[in-house]
Structure formats: C-alpha cells, structure tokens
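*Asks:* Starting from these lines, generate the structure:
(one chain, ligands or ions: 1)
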Amino acid sequence: MNNFQLLIGGRLEDGSGSMDVVNPATEKPFAAAPVASEDQIDRAIAAARNAFDAWRETPFAERRDTLSRVIDAIASDRDELARLLTLEQGKPLSAAMGEVDTTLEYMRYFAGLDIPVEVIAEDADRKVEIHRVALGPVAAIVPWNYPLLLMAFKLPPALLAGNTVVLKPAPTTPLSALRFGALVADIVPPGVINVIAGGDEVGPRLTSDPRIAKISFTGSTATGHLIMASAASNLTRITLELGGNDPALILPDSDLEKVMPMIFAFAFGNSGQVCRAIKRVYVPRPMMDKAGAILSSLCGKAMVGDGMGPDIQFGPVQNAQQYQRVLRLFEAGASQGCVLPGGGPVKGAGYFFRPTVIAGVPNDNPLVLEEQFGPVIPLVAYDDMEEAIQLANSGSFGLAASVWGNDSTETRRIAGRLDAGTVWINKHGDRLPNLPIAGAKHSGIGVELGQLGLLEYTQIKVINQAI
Ligand code: NAD
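*Replies:* I've put the predicted structure just below:
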C-alpha cells in the first residue's frame, strides 16, 4: 500500500500525526493518512503565496501545457486511483473508474479554454479593455462523495487562470487527493499545487487566513454558512457549491413504466450521495400506487455490497456519521409513510442501506425537508399542479429540479416556475463540463464549470487607454 504524504511547496512530507482511513464496506481501517500540523498548514499557504507571482506571470500557453501534463499523470494512474476511490469512498469499482474518466474529461475541457481580452470601446479617444487576472492562492475544499471529480471542477480553472492552490480533501476520503499530490509533485512548479489533509480543523484554518485570496468550497450548506462568515473578515472571494434537495415532479400524463426507472437511476446513483440527485418525488395521488410498485420492484432487485465485488451496483453510505443521518431520516419518514418492500438498512458490517422508497410521506416530514444525501427517498402525493409547484419550491434548497411529462408546453411552463439553478425536463442529472452549475437559494453562491466557472477564478481589470 502507498505511503501517503502531504504535498507542501513541491516536497512530499509526512504529517505531524496520522489518521485511520476506514473502508465503509467493512468499517475497518485499511490505510493511514497524514494529518497536517498548524505549521504544515501555514507552510502550505506560504508556499502557494510564494509561488503565485511567478505562476501568474507564466504565459497562459505554458500553464496549459503544465495542466496537460497533470492530466497525463492522472490518466497513467487510472487503475490505482479508481481502486483507492472504491476503498475509501465505497462506490463500485466500475463507478470509480467512471469517476477517474470523468475527472479527465472535465480537466481536458478546461485545458481547451482561453481567457480572451474583451475590447469594450475603441474609438478616436480611447481604447478600453477588460482583462481577467489571477487572484492569488485558492483554498479548494472538497467533500467525500466525488473526491477526485470535484477537485477537477476547481484546480484546472484555478491554475489556468494563474492562481496557485491549496487542496483539502474530506477527512474520510483523503487518499485519492494525496495520491494526486504525489503524482503532480514533480510536474508543477513548487507551491503551485499543495495538498494537505487532516480533520475538520484544517478547513477553518485555511478559510480564515488572509493570504488565501479565494475559497472554492463544495460541501454542505451548514459548512457553507461557516465559510462565508470566515471569509468575511478578509473579504476573501468565495464560490460555494452547497447542498441540494432536488424535487422530481411527475405530471399526470407521464408514462410511469418509462419514467420511474429513470427516477430510480437518478435518485440512487452513488447510493444517493450526489448533490444533484433526485431527493424527493412528487406524484399525482391516483398514480402513487403504480409509481411506488415500479420503484419498489427495482429496489428489491438492486445489487448492494462491497464496491470491490462483482456486479455490485450500489456501495455503502460513505461514513458512520452520514449513515446515522440517513437512518434518522429513514425513521422519520417511516413514522409517517409506508416503507415499500425491497428497501431498508442492511444488518452486519458496513454502512449499507438498500435503495429505499417511503410512500405517502407528508411534505413537512424531515425526510422531505432535509437533504438526506443517501439511498432513501420519499414519494409525496399531490392533488393539483399549483400545489405541486408550491411543494417543490418549499424549503431553502435550490440546486436543481426535474419535470416529467409528455406535453412540452406544460413541462416548460412548470420548469420556468421552479426555483432552482438547473431544471431538467424528462431527465435528471445530465451534465457536461461546459454546462455551468449554480445553486439558487441556499444551494450556493457563484458558478462552477463552463467558461463562467473559469472566470470565477479571476478578477476583472479594466485597462483604459487614451488615444
Ligand atoms: P461538509 O460540509 O461536512 O464537508 C465538506 C468539506 O468541508 C470537507 O473537506 C470538510 O472537512 C470541510 N469542512 C468542514 N468544516 C469546515 C469549516 N468550518 N471550514 C472549512 N471547511 C470545513 O460536507 P460533506 O458531508 O463532506 O459533503 C456532503 C455535502 O456536500 C452535501 O450537502 C452535498 O449536497 C454537498 N455537495 C454539493 C455539491 C454541489 O456541487 N453543490 C457537490 C457535492 C456535494
């Protein structure tokens, strides 16, 4: 097994201590990760700060070349990165391979972008241009559901724009990020990428440091509040990609045989641990039984188990704390709804929960109102369309939503009424690297991905020249 180390100022070094990394399929530690000391966090920030001046002056084409070599390094290590992802995160090995491949796809997309200078006015008196310049050291903080892919939303645009980075993975999934650090240590100039790990104390240390010019955070809304407060003292720029509670609205003319398998796929992929997964389903009351029966049958057939096993479709919930959360919301839902056959917690070692549907849950139940971020979803009955729209818009989240029906005028009308950063029609979760993600309401601030996601790592600078 690897000796995992921090990357600070171009050097790989041990932590001041270490922490166990637990395989969620067995509940047993399988590796040790370094824990960064105060001094190491400080040196990582200092290294990013010191590297910034030279990196921002490095020609764009050279930064792009460096990014391309980073991409090649990941590609050459695909199998090992995927294996680590399965062991630390729990997802099936085929899905872990998919995560590495999508990471590469997104990084390659960014490597193809440019940051053009915009000419705003050019006349006899003046020439005015908008330049987009780098900010400084970026703290990139990622959660545990897609440890590698979510890094790829942040590092490539940050680096391409001329910033340096301190990357901090989640405490329960640090290994793929540390492995990434080891892969790039000799590729990027010292200090341009730093990778530090540790417990939840590392994040606040980064976000409160005045040398950090920007915080790019993906994680829960609760942590987003803390980060915004922490950023306030230094007016640090922020991009927050936060929690979601995506509703799926099934319209009365939907073909349930066709639609419900897709609802199942987009609710339970990655065992429900997807920011933009379907997390509550609104169904016309007369269609509840049939919708529930189709989902229940799919739940019963689902292959749940250790992601290293053959034919496994769904791995465990990623960590003990999250498992307890899913269990609490399952019990809340079960107290007011009907747990359909095929679902429920799995006894024995590992944080396993079968894909679970609870039908007839009232809209004010915690399973509907809160983000479960796990494989338990509520089916909520509605009686008229206006009520359904109100229910879908209830709560503080606004990451994404989907509308399912056959009348395109009606589905587009309803899409226009939903308070969400993305609304899909007759699909959910579809994404491309050039499609921006921006949460509405408490689901986020700022944009990731696409050209807009690249510009998030820049500052506008107007050059106004007399002619
Ligand atoms: P989390 O907020 O607990 O942790 C995310 C990261 O923040 C971790 O690295 C953690 O160590 C760090 N952190 C914790 N406290 C911090 C603090 N005070 N200051 C700075 N950093 C701190 O989230 P999680 O449980 O790891 O991830 C699940 C959440 O992430 C869900 O709510 C999910 O919806 C959200 N998520 C959102 C998106 C999106 O694009 N909107 C994508 C994936 C996940």
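
*Asks:* near the ligand, which residues of the stretch 151-300 of the chain show up?
*Replies:* Residues of the stretch 151-300 of the chain lying close to the ligand (CB under 6 Å from any ligand atom) are 168, 170-171, 200, 203-204, 207, 218-220, 223, 226-227, 241-244, 275. For every residue, glycine as well, the C-beta is placed using N, CA and C.

*Asks:* hmm, 5 Å instead?
*Replies:* With CB under 5 Å from any ligand atom as the criterion, the stretch 151-300 of the chain meets the ligand at residues 170, 200, 203-204, 207, 218-220, 223, 226, 241, 243, 275.

*Asks:* so which of those residues is the most crowded?
*Replies:* Within these, most neighbours by other CB atoms under 10 Å means residue 241, with 29 neighbours.

*Asks:* Find the helix or strand that the closest residue to the ligand within the stretch 101-250 of the chain is a member of.
*Replies:* Proximity to the ligand, evaluated over the stretch 101-250 of the chain using CB to the nearest ligand atom, is greatest for residue 203 at 2.1 Å. Following DSSP states H and E, one finds residue 203 within helix 202-207.

*Asks:* May I ask which helix or strand encompasses the closest residue to residue 54 other than its chain neighbours?
*Replies:* Excluding its sequence neighbours, the residue lying closest to residue 54 (CB to CB, 6 or more residues apart in numbering) is residue 189, at 6.8 Å. Using DSSP H and E, residue 189 sits in no helix or strand.

*Asks:* quick one: contacts for residue 189?
*Replies:* 10, 51, 54-55, 66 (CB atoms under 8 Å, 6 or more residues apart in numbering).

*Asks:* one step back: and the helix holding residue 203, how far from the chain's centre?
*Replies:* A distance of 19 Å separates the centroid of the chain from that of helix 202-207, by CA atoms, centre = their mean, to the nearest Å.

*Asks:* any low-confidence regions in the stretch 301-450 of the chain?
*Replies:* The model of the stretch 301-450 of the chain has no residue with pLDDT under 70.

*Asks:* can you give me the strands in it?
*Replies:* 338-339, 344-345, 353-354, 356-359, 376-382, 397-398, 400-404, 422-425, 440-441, 444-445 (DSSP state E, counting those that start in this stretch).

*Asks:* Indicate which one of the ones you listed is closest to the ligand.
*Replies:* strand 444-445 (5.6 Å).

*Asks:* Tell me the buried residues in whichever helix or strand comes after the closest one?
*Replies:* Downstream of strand 444-445, the first helix or strand assigned by DSSP H and E is helix 450-455. Within helix 450-455, the residues scored as buried using 16 or more other CB atoms under 10 Å are 450, 452-455.

*Asks:* next one: stretch 280-297
*Replies:* Buried residues in stretch 280-297 (16+ other CB under 10 Å): 280-284, 287-288, 291-292, 294-296.

*Asks:* ok, now stretch 48-67?
*Replies:* Neighbour counts over stretch 48-67 (16+ other CB under 10 Å) mark 48-52, 55-56, 63-64, 66-67 as buried.

*Asks:* For it, what is the distance to the chain centroid?
*Replies:* 26 Å.

*Asks:* which residues are in contact with it?
*Replies:* 9, 107, 110-111, 114-115, 133-134, 136-138, 156, 159-160, 162-166, 187-192, 194, 211.

*Asks:* ok, now with 7 Å
*Replies:* 111, 134, 136-137, 156, 159-160, 162, 164-166, 187-192, 194, 211 (CB atoms under 7 Å, 6 or more residues apart in numbering).

*Asks:* go on, stretch 385-397?
*Replies:* With CB under 7 Å, 6+ apart, stretch 385-397 has contacts from 243-245, 247, 249, 282, 363, 369, 371, 380, 382, 401, 414, 417-419, 441-443.
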